[in-house]
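Engineer: any chance you can model this:
(2 chains)
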Amino acid sequence: MSLTLGIFAVILLVTLGITYWAAKRTRTTHDFYAAGSSLTAAQNGFALAGDWCSAAAFLGFTGLTALYGMDGAFYALGPLVAFCTVLLLIAEPMRNTGKYTLGDIILYRMRTRTSLLAAVSGTIVVNFAYLMPQMAGAGVLIQLLTGIPYDLAVILVGIVMIVYVAFGGMIATTWVQIVKAALMLAAASVILFLALSAVGFDPFVLFSRAETTYGSNFLAPGNYLKNPFDEVSLGVGYVLGLAGLPHVMTRFYTVPDAKTARRSVVWVMFLAGGFFFATTLFGLAAADFVGQDTIRAADKGGNLALPLLAQYLGGGADSLGGQAMLGFVSAVAVATILAVVSALTLSTSGAIAHDFYVNWVRRGRVEPARQIVIARISAVAIGLFAIILGIQAHGINVAVLVILAICVAASANFPILILSLFWRRFNTGGVVGGIAFGLVSSVVLAVLGPAVRGADAIWPLVNPTVVSLPLGFLGAMLGTFLAGRDPVNEARFDEVTLRVHTGITAE
Amino acid sequence: MNKKISNKSDRHGGKMAADFSPAHGGSSVQPTADQIIRILIKKKFQVVGAMTIVYMTSYVGLMLLAGFSRPFLSRLVFGSVNIGFVLIAANYLLSWVLALIYVKIANSSFDPLVARAIAAAKSRGDA
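Structural biologist: Residues are numbered from 1 along each chain as shown, chains lettered A, B, ... in the order given. You can find the predicted model right below:
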C-alpha cells in the first residue's frame, strides 16, 4: 500500500510539474483546447493510447480474460479494430474541418444554431455517461489499491484533474496522457517478459495450462456474453462507438495537419493494439498463476487480476519484488484513471464553454482573452460536478453508463458526423433527427435492459447498439427528408468537401 | 485484393495526369480544385470502401461466429488453441496490415492530389 502511494506520489509530482510548465505555455484558446496544434504524430499516438486505455482497458481486459476466457479477448480486440474506422473515415476529415470540438464541424457544415445545440447535447451526454463511471471506478480502485476511503479518493482525483485541466489545458492533458501511456506500456512489457519467461517463452503453454486447469469450455466464446446478439452488439458498438467519442476525436486537433493525424492513428494502433493483444496473454497467465478464486476474492469483477499477476511474477506477496511490481502496476492504474478523467473534462469543457456558451449563447461574440477564462472556469465547474456525480455513484451499478456512453457515441454522434462530412443533402433536420433517435433509443433500451433491470429486463440485450445505431442513421435520414431540401446548404457542400479533403477554405 | 486496389488507383492517377497535365494545353486547361477533389474522392472511395468491407467483414463476421457458432470457434487447431483465438490473432494482424497499406496508398496517391487541389484553389484565389 505505502509503496503504491510512494510511486504514485512520484507520478503525481512529475505530472504537476508538467502542468506548471504547460500552464505557462497556454496563452490562447487554441493552446487550451488543441495544444496549439503542435504535436508530432508519435506524441499524439501515445496520447491517443492514453486516452483510449481507461482503467476498464488497463485492468478490465485482463480480468475478463482471466475469468471468462475468449470473451475477454473480444473486449480487447474491439478497440483496435475501431481504430481502423478512425483511420479510414474520421481522423483526417476531423483535422481538416474542425477547430476544437465536434460541434465546430456541425456548425461549419450546417451554419444553424439548432444543429449546434443537437451536437452539443450528444457530446455532453456521452462525456458525462463516461465520466461518472470513471470517477466511481477511481473511488473503488483507489480504495482497493491504497486503502484511501471511497469519497476521499473521488475528491482527490477530482481536484488533481481540475488542476491539470484548468491550468494546463490540452498541453498538460496531453503530456499527462503521454507519461501515463509510457508507464503503462513499460509495465506491460515487464509483465509480458516475466510471464513468458515463466513458461519458457512459449505462449501456447498458457493456453494448454488454462485448458488443463479450467477445462476446454473456458477457452470457448460465450462465457461472459450469454446472448448471441450481445456479442454482435458489442462488436458494432466498439467499432463505430470509438469513432464517436468526443474526447478521442478532439485529439486530432492537436496535430498540425491531416497527414500527421493519419500517422498518429498508426502509432496508436501499434502501441495500444500491442497492449490489448498482451492483455489476452496476461488474462490466461493470471488465471493460471494467480488462480480464478484468488482473483475473484480480491475483486468480483476481476479488476485486480493484473496487479495480482504482477505481484506473483515479481516474486509473490512476501517478496520485495512482488510488492514493487504490485505497487508499480497499481500506481499506473491510478494514473490511468486520472489521465482519462482529465481528457473527458477538457472535452466537456469544449462542448460547454466553446460550443454552448461562446458559439450558441453569445453567437461567437466573445473576446479571445475572455474565452480562455470561460474555458478554465467551465473546467473547474465540470470537475466539481464530476466529483459530486462520483460520490453519488457509490454502490450504484455504473456499468450501464459505460455501455450507454459507447452506445450513444456510436448511435448519435457517429451518424451525424459521417453524414455531415459526406452527404450533400444532409441538413439541420437530419442532425436533430439523428441525435434524437440515437440518444433516445440508446437510453431507453439501456434502461430497459439487463444492465439496469437484471432478471426483470424487458429488453434482452445489455448493449443495445446493434439496434440503436441503425435507428440513429434512420432518424438522421428521416429528419433530412422531412426538413425538405435546403439548396443553399447543398450548394455549399462543394466548399465543405474541399475543406474535408484538403483542410483549406475555398472562397 | 489490395494489389488490385492500388492498380485501379494508379490507373485513375494516370488518367488524371493525361487529362490535366499542363503540357497538354498550357495554363488554360488547368483543372480546378473541385475537379481534382472529385478524382481524389473517387480514389478514396475505392480504397477506403474496399478496406472497410474487408475489416468489417472480418471483425463483425468473427463476432457473429462468436454469437451463433460457438462450437465452430471452440474447435481446436493446434494444442489447446482453438479457431476462435486464431481468428482473433488474425484480426489483430489484419488491422495492422490494413493500416500500413492505407498509409502507404494515402502518402503516394492521395497526398499529391491534395497538394494539387490546394495549389489550384490558391492560384484561382490569387488570380
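
Engineer: for chain A, which spans come out with low pLDDT?
Structural biologist: A:1, A:397, A:399, A:506-507 (pLDDT under 70).

Engineer: report the buried residues of stretch A:284-297.
Structural biologist: In terms of neighbour count (16 or more other C-beta atoms under 10 Å in any protein chain shown), stretch A:284-297 has its buried residues at A:284-292, A:295-296. Heads up, the C-betas are built off the backbone N, CA and C, glycines and all.

Engineer: from the residues you listed, pick the one nearest chain B.
Structural biologist: A:L284 (9.8 Å; C-beta to the nearest C-beta).

Engineer: can you name every helix or strand that whatever helix or strand the closest one lives in contacts?
Structural biologist: In the assignment (DSSP states H and E), A:L284 maps to helix A:258-289. Contacts defined by 3 or more C-beta pairs under 8 Å, 6 or more residues apart in numbering or on different chains; DSSP states H and E place helix A:258-289 against helix A:41-52, helix A:61-68, helix A:70-85, helix A:91-97, helix A:150-198, helix A:203-214, helix A:305-314, helix B:83-105.

Engineer: centre of the chain versus the second one, how much separation?
Structural biologist: Yep, that's helix A:61-68 we're talking about. Offset of helix A:61-68 from its chain centre (C-alpha atoms, centre = their mean, to the nearest Å): 19 Å.

Engineer: ok, now how distant is the residue nearest the centre of chain B from chain A?
Structural biologist: Closest to where the C-alpha atoms of chain B average out (C-alpha atoms, centre = their mean) is B:V47, at 2.6 Å. Counting by C-beta to the nearest C-beta, to the nearest Å, the gap from B:V47 to chain A is 8 Å.

Engineer: now the helix or strand that residue falls within, how far from the centre of its chain.
Structural biologist: Using DSSP H and E, B:V47 sits within helix B:33-68. How far helix B:33-68 lies from its chain's middle: 7 Å, per C-alpha atoms, centre = their mean.

Engineer: in the next helix or strand after that helix, what's buried?
Structural biologist: Sequence-wise, the next helix or strand downstream of helix B:33-68 (DSSP H and E) is helix B:70-74. For helix B:70-74, the neighbour count (16+ other C-beta under 10 Å) marks B:70, B:73-74 as buried.

Engineer: now for chain B, the helix or strand with the poorest mean pLDDT.
Structural biologist: Least confident element among the helices and strands of chain B, by mean pLDDT, DSSP states H and E: helix B:2-20 (a mean of 42).

Engineer: please report phi then psi for B:S80.
Structural biologist: Torsion angles at B:S80 (phi, psi; degrees, to the nearest 10) stand at phi -100, psi 10.

Engineer: that one and B:L62: what is the separation?
Structural biologist: With the distance defined as C-beta to C-beta, to the nearest Å, B:S80 ends up 19 Å from B:L62.

Engineer: and what of A:Y75?
Structural biologist: Distance from A:Y75 to B:L62, by C-beta to C-beta: 13 Å.

Engineer: so A:S420 sits against A:V431, correct?
Structural biologist: Yes: in this structure, A:S420 is within contact of A:V431 by C-beta atoms under 8 Å, at 7.3 Å.

Engineer: so which of the two has more stuff around it?
Structural biologist: Higher neighbour count among A:S420 and A:V431: A:V431, with 32 against 27, using other C-beta atoms under 10 Å in any protein chain shown.

Engineer: before we move on, back to that, read off the pLDDT value for the residue nearest to the centre of chain B.
Structural biologist: In this model, B:V47 is scored at 96, pLDDT.

Engineer: does it touch B:L98 like I think?
Structural biologist: No: counting by C-beta under 8 Å, B:V47 stays clear of B:L98, with 10.3 Å between them.

Engineer: quick one: contacts for A:L478?
Structural biologist: Shown in contact with A:L478 (C-beta atoms under 8 Å, 6 or more residues apart in numbering or on different chains): A:433, A:437.

Engineer: go again with 10 Å.
Structural biologist: By C-beta atoms under 10 Å, 6 or more residues apart in numbering or on different chains, the contact set of A:L478 is A:429-430, A:433-434, A:436-437, A:471.

Engineer: which of the buried residues of helix B:70-74 come close to chain A?
Structural biologist: Of the residues in the buried residues of helix B:70-74, proximity to chain A by C-beta under 10 Å from any C-beta of the partner chain holds for B:70, B:73-74.

Engineer: out of those, which is nearest to A:A333?
Structural biologist: B:L73 (31.1 Å; C-beta to C-beta).

Engineer: which non-adjacent residue is nearest the closest one?
Structural biologist: Once flanking residues are discounted, B:L73 sits nearest to B:G84: 3.5 Å by C-beta to C-beta, 6 or more residues apart in numbering or on different chains.

Engineer: and the one you found, how far from A:A57?
Structural biologist: B:G84 is 21 Å from A:A57, by C-beta to C-beta.

Engineer: go on, A:D104?
Structural biologist: A:D104 sits 28 Å away from A:A57, going by C-beta to C-beta.

Engineer: now the closest residue to A:D151 other than its chain neighbours: which helix or strand?
Structural biologist: Among residues not flanking A:D151 along the chain, A:I391 sits closest, at 5.4 Å (C-beta to C-beta, 6+ apart). If you go by DSSP H and E, A:I391 is part of helix A:368-392.

Engineer: and A:G475, by the same measure?
Structural biologist: Counting by DSSP H and E, A:G475 is part of helix A:465-483.

Engineer: B:V77 too?
Structural biologist: Secondary structure from DSSP H and E places B:V77 in strand B:76-78.

Engineer: tell me if that strand is near chain A.
Structural biologist: Yes: applying C-beta under 10 Å from any C-beta, one finds strand B:76-78 touching chain A at B:76, B:78.

Engineer: which other helices and strands contact that strand?
Structural biologist: Under the contact criterion of 3 or more C-beta pairs under 10 Å, 6 or more residues apart in numbering or on different chains; DSSP states H and E, strand B:76-78 touches helix A:203-214, helix B:83-105.

Engineer: give the buried residues for the longest one.
Structural biologist: So the one you mean is helix B:83-105. Using 16+ other C-beta under 10 Å as the burial criterion, the residues of helix B:83-105 that qualify are B:83-85, B:87-88, B:91-92, B:94-96, B:98-99, B:102-103, B:105.

Engineer: distance of A:F167 from A:S342?
Structural biologist: A:F167 is 11 Å from A:S342, by C-beta to C-beta.

Engineer: between these two, which is the more surrounded one?
Structural biologist: Shown here are A:F167 and A:S342; by other C-beta under 10 Å, A:S342 has more neighbours (32 against 18).

Engineer: check contacts around the more buried one.
Structural biologist: A:15, A:19, A:50-51, A:157, A:160-165, A:168, A:170, A:172-174, A:176-177, A:180, A:247, A:379, A:383 are the contacts of A:S342 under C-beta under 10 Å, 6+ apart.

Engineer: recalculate using a threshold of 8 Å.
Structural biologist: Counting by C-beta under 8 Å, 6+ apart, A:S342 makes contact with A:161, A:164-165, A:172-173, A:176-177.

Engineer: sorry, back to before: any shared contact partners between A:S420 and A:V431?
Structural biologist: Shared contacts of A:S420 and A:V431, counting by C-beta under 8 Å, 6+ apart, come down to A:106, A:110.

Engineer: thinking again about what came up before, tilt between the helix holding A:L284 and helix A:203-214?
Structural biologist: If you take axes from the mean of the first three to the mean of the last three C-alpha atoms, to 10 degrees, helix A:258-289 sits at 50 degrees to helix A:203-214.

Engineer: distance between helix A:258-289 and the chain's centre?
Structural biologist: Centroid separation for helix A:258-289 versus its chain: 14 Å, with C-alpha atoms, centre = their mean.

Engineer: buried set for that helix?
Structural biologist: Within helix A:258-289, the residues scored as buried using 16+ other C-beta under 10 Å are A:258-289.

Engineer: phi, psi of A:T26?
Structural biologist: phi -100, psi 100.

Engineer: number of nearby residues for it?
Structural biologist: 24.

Engineer: quick one: contacts for the residue in the stretch 301-450 of chain A that chain B sits nearest to?
Structural biologist: Residue nearest to chain B within the stretch 301-450 of chain A (C-beta to the nearest C-beta): A:F422, separated by 9.0 Å. For A:F422, the contact set (C-beta under 8 Å, 6+ apart) comprises A:V500.

Engineer: I'm done for today, thanks for sticking with me.
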